[in-house]
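Peer 1: sequence and predicted structure below; questions after.
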Amino acid sequence: MNDGQALLNNEQTVRVHNGWVMLVLLIGLLICDVWLFIYSIAEGTRTQQAPFLWMLLLSIASLVVLIILMTGLFTLQPNEARVLLLFGNYRGTVRESGFHWGNPFYSNGQPIAAAEQADSQQHKPASHKTGAKGKKGFTRNKISLRARTLNGEKLKVNDKRGNPIEIAAVMIWRVQDTAQAVFDVDDYERYVETQSESALRHVASHYAYDHGEENEITLRSNADEVSAGLKKELEDRLSRAGVAVEEARLTHLAYAPEIAQAMLRRQQAEAIIAARQKIVQGAVSMVDMALRDLAEKHIVALDDERKASMVSNLMVVLCGESEVHPVVNAGTLYS
């Protein structure tokens, strides 16, 4: 067994000939070849009533060679690369944009069929599909090095506590090593889509949706930490395909529909309890302040029984939800 075979494919940057120089040279040779073809017929007919056979054959053979050499011309846009394959052997990667010429026998890659173009648009809206025609041609093993965005679909997974949730994420990625992207995985774009879904499911199952223990990271409360963990998971999974992950973050997070109502009622109950706790804490502090001010300023002296009655009345006033209607005592202080 050859463990780690995919790691043997590393990108090697190479330079090829300038396309403009080669184009001028090939056009000049083509003109000379056409002149040779015409000369062999005209001069041969004039001198020996038949074309010069060796010149004629040489010009025809040269024409075939020049046509083959012209197929080596190719262009690269900024942030685009071409992987050079010569009879199954990797010869390097061209990353410099512009007009180039390379060995015409470098592999041109798989042909682009109309069915493949339609498959690449299956996730687009129907308005974008109508009238779309597949572009036939060859990929020439060109790979885009631009940053790409993968907006994942909503996934239904179970969190750390087994609650079904809906989660989705967006990822920004780009090809970093063209050799690994081409040779170490079958289809690097589909590989990225599959591994991103798998990584999101794996990360979501390691965190609770909310209400974690003390200092526990949760999906809802610690989005930055979860996104960092997702990015690390994606980098580990996609490194063998030569893909670099620049950013990954959650775009959707919610309970699954079957438990959403129950969890909403629980959240409402917890919110009411938290509000009640805040109200009681404030009421207690206000009652304590009132009793201390009355005692320190010698406004009135109250025994324990009157203090208990005052505390009870104030707590009812401060903690009650409905409007309080006081009863005015017109008698003595202790009547």
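Peer 2: Thanks, I have the structure now.
Peer 1: all helices for the stretch 51-200 of the chain, in order.
Peer 2: 53-70, 114-120, 126-129, 178-183, 188-204 (DSSP state H, counting those that start in this stretch).
Peer 1: as a markdown table, these with distance to residue 82 and mean neighbour count would be great.
Peer 2: Glycine gets a C-beta too; all of them are placed from N, C-alpha and C. A markdown table is the format used below for those (distance: least, C-beta to C-beta, whole Å; neighbours: other C-beta atoms under 10 Å):
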| stretch | distance to residue 82 | mean neighbour count |
| --- | --- | --- |
| helix 53-70 | 17 | 14 |
| helix 114-120 | 19 | 12 |
| helix 126-129 | 28 | 8 |
| helix 178-183 | 8 | 22 |
| helix 188-204 | 15 | 18 |
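Peer 1: quick one: which of these is nearest residue 237?
Peer 2: With distances scored as C-beta to C-beta, the stretch of the helices of the stretch 51-200 of the chain nearest to residue 237 is helix 188-204 (4.4 Å).
Peer 1: tell me the mean pLDDT over that closest one?
Peer 2: Averaged over helix 188-204, pLDDT sits at 91.
Peer 1: residues in contact with it?
Peer 2: Contact with helix 188-204 is made by 150, 152, 155, 157-159, 165, 167-169, 171, 173, 175, 181-182, 185, 219, 226, 229-230, 233-234, 237-238, 241-243, as judged by C-beta atoms under 8 Å, 6 or more residues apart in numbering.
Peer 1: just the ones of these in strands?
Peer 2: Members of the contacts of helix 188-204 lying in strands (criterion: DSSP state E): 150, 155, 157, 158, 165, 167, 168, 169, 171, 173, 175, 243.
Peer 1: bridging residues for the second one?
Peer 2: Beta bridges link residue 155 to residue 167, judged by DSSP bridges.
Peer 1: what about it, neighbour count?
Peer 2: 15 (other C-beta atoms under 10 Å).
Peer 1: and the pLDDT for residue 306?
Peer 2: 75.
Peer 1: secondary structure element for it, which one?
Peer 2: Secondary structure from DSSP states H and E places residue 306 in helix 304-319.
Peer 1: using PDB, write out every CA atom in that helix.
Peer 2: Coordinates of each C-alpha in helix 304-319 appear next as PDB, following Å, rounded to 0.1, in the frame of the first residue of the first chain:
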ATOM      1  CA  ASP A 304     -41.000  44.600  63.500                       C
ATOM      2  CA  GLU A 305     -44.700  44.000  62.900                       C
ATOM      3  CA  ARG A 306     -45.200  47.300  61.200                       C
ATOM      4  CA  LYS A 307     -42.100  46.800  59.200                       C
ATOM      5  CA  ALA A 308     -43.300  43.500  58.000                       C
ATOM      6  CA  SER A 309     -46.700  45.000  57.000                       C
ATOM      7  CA  MET A 310     -44.900  47.800  55.200                       C
ATOM      8  CA  VAL A 311     -42.600  45.400  53.300                       C
ATOM      9  CA  SER A 312     -45.600  43.300  52.300                       C
ATOM     10  CA  ASN A 313     -47.500  46.300  50.900                       C
ATOM     11  CA  LEU A 314     -44.500  47.700  49.100                       C
ATOM     12  CA  MET A 315     -43.700  44.300  47.500                       C
ATOM     13  CA  VAL A 316     -47.300  44.100  46.300                       C
ATOM     14  CA  VAL A 317     -47.100  47.600  44.800                       C
ATOM     15  CA  LEU A 318     -43.800  47.100  43.200                       C
ATOM     16  CA  CYS A 319     -44.200  43.600  41.900                       C
END
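Peer 1: could the helices of the stretch 51-200 of the chain be laid out in a markdown table, adding distance to residue 20?
Peer 2: Listed next are those as a markdown table, based on distance: least, C-beta to C-beta, whole Å:
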| stretch | distance to residue 20 |
| --- | --- |
| helix 53-70 | 13 |
| helix 114-120 | 31 |
| helix 126-129 | 37 |
| helix 178-183 | 25 |
| helix 188-204 | 32 |
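Peer 1: out of these, which is closest to residue 253?
Peer 2: Using C-beta to C-beta as the measure, helix 188-204 is the one of the helices of the stretch 51-200 of the chain that comes nearest residue 253, at 9.0 Å.
Peer 1: mind checking how far that closest one is from the chain centre?
Peer 2: Distance of helix 188-204 from the chain centroid (C-alpha atoms, centre = their mean, to the nearest Å) equals 10 Å.
Peer 1: now do the helices in the stretch 201-335 of the chain.
Peer 2: Counting by DSSP H, counting those that start in this stretch, the stretch 201-335 of the chain has these helices, from start to end: 223-238, 257-296, 304-319.
Peer 1: tell me what the first one is packed against?
Peer 2: Packed against helix 223-238, as judged by 3 or more C-beta pairs under 8 Å, 6 or more residues apart in numbering; DSSP states H and E, are the following elements: strand 164-175, helix 188-204, strand 243-255.
Peer 1: okay if I get the ones you listed as CSV plus distance to residue 97?
Peer 2: Shown next, in CSV, are these (distance: least, C-beta to C-beta, whole Å):
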stretch, distance to residue 97
strand 164-175, 15
helix 188-204, 21
strand 243-255, 20
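Peer 1: so for residue 309, which of these sits nearest?
Peer 2: Going by C-beta to C-beta, the one of the helices and strands packed on helix 223-238 nearest residue 309 is strand 243-255, 47.5 Å.
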